[in-house]
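# Based on what follows, work out the 3D shape:
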Amino acid sequence: MRGTRQNEEIRKKLLEVGVSMFIDQGYHGTGIQEVVDKAGIPKGSFYNYFKSKEDFGSKTVIHFSGQFKEFLESIAEDSEKDAYSAINRLFNDLIDTFERKDCKEGCLIGNLAAEIGDSSKLSREAMSKCMNEWRDILGVVLHRAQEQGKIRDDIQANQLADFLLNSLEGSLLRMKIETNSMPLRQCKEMFLNYVMKS
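Below is the predicted model:
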């Protein structure tokens, strides 16, 4: 049992290093040797956990997504009482997070989609699955906002959720280019004050 727990801890450490390094220097700019050196494990051990770098990349996407899903689920929990305020919190927390990082990191999935979305089917499928899970959670929040009479109900909640997710990802890419949070702030302003209102 101890060995299983230790193996899971090593795997998790490799994934966390992967998230950090892929965000910082990209998929192609990150080597397996760098990852294992930073994680403090022998290179040969890496292949006990992942079949290849591509497999590692797709698992890193899923790991990152799980962390972001926890955040979205907290937004969904808040939405039970006041969904409009929960959506406002979503934007504010994202803005605060990226401003603390000098607006340089963006979203791992958005970054990797631009870099390897065309070349890695395994990673692309993982990214699509994760994005759809995020969209579904946002759809729940927006549906609650409609039920609470806080936002327009002439557009289906899942369509609004798709638009919100697409807008956020585009804003994060633009934020990285401009190295400031204005694109994300504009996304918040447009979505809250125009898109969601009838």
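# For the rest of this, base every contact and every neighbour count on C-alpha atoms.
Noted.
# Okay, and Asp136 sits in which element?
Here Asp136, judged by DSSP states H and E, is contained in helix 121-147.
# Now do the buried residues in that helix.
Buried positions in helix 121-147, judged by neighbour count with 16 or more other CA atoms under 10 Å: 123-124, 126-127, 130-131, 133-146.
# which secondary structure elements does that helix contact?
Packing partners of helix 121-147 (3 or more CA pairs under 8 Å, 6 or more residues apart in numbering; DSSP states H and E): helix 53-100, helix 108-116, helix 157-178.
# Torsion angles phi and psi at Lys51?
Main-chain torsions, Lys51, degrees, to the nearest 10: phi -70, psi -30.
# Quick check, pLDDT for it.
At Lys51, the model reports a pLDDT of 95.
# go on, Leu192?
pLDDT at Leu192 comes out at 95.
# Now for it, how many residues are close by?
By other CA atoms under 10 Å, 16 other residues sit near Leu192.
# Just give the number of residues close to the residue nearest to it when sequence neighbours are not counted.
Once flanking residues are discounted, Leu192 sits nearest to Asn88: 7.6 Å by CA to CA, 6 or more residues apart in numbering. Neighbour count for Asn88, taken as other CA under 10 Å: 15.
# just for the protein, where's the confidence low?
Applying pLDDT under 70 to the chain picks out residues 1-3, 198.
# Try it again at 50.
Applying pLDDT under 50 to the chain picks out no residues at all.
# ok, so what distance separates Asn158 from Ala76?
As judged by CA to CA, to the nearest Å, Asn158 and Ala76 stand 14 Å apart.
# Looking at those two, which has the bigger crowd around it?
More crowded of Asn158 and Ala76, by other CA under 10 Å: Ala76, with 23 against 18.
# Which residues are in contact with that one?
Contact analysis of Ala76 by CA atoms under 8 Å, 6 or more residues apart in numbering lists Ala83, Ala86, Ile137, Leu138, Val140, Val141.
# again, only this time at 7 Å
By CA atoms under 7 Å, 6 or more residues apart in numbering, Ala76 lies in contact with Ile137, Val141.
# go on, Lys188?
Per CA under 7 Å, 6+ apart, neighbours of Lys188: Phe91.
# For stretch 147-155, buried residues please.
Lys150, Ile151, Arg152, Asp153.
# what distance separates it from the centre of its chain?
26 Å (CA atoms, centre = their mean, to the nearest Å).
# Just the CA atoms of that stretch, as PDB, please.
In PDB, the C-alpha atoms belonging to stretch 147-155 read as follows (Å, rounded to 0.1, in the frame of the first residue of the first chain):
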ATOM      1  CA  GLU A 147     -33.800  30.200 -13.600                       C
ATOM      2  CA  GLN A 148     -33.100  32.900 -11.000                       C
ATOM      3  CA  GLY A 149     -34.200  35.600 -13.600                       C
ATOM      4  CA  LYS A 150     -30.700  37.200 -13.500                       C
ATOM      5  CA  ILE A 151     -29.800  36.900 -17.200                       C
ATOM      6  CA  ARG A 152     -31.500  36.400 -20.600                       C
ATOM      7  CA  ASP A 153     -33.200  33.100 -21.300                       C
ATOM      8  CA  ASP A 154     -33.700  33.400 -25.100                       C
ATOM      9  CA  ILE A 155     -30.400  31.600 -25.700                       C
END
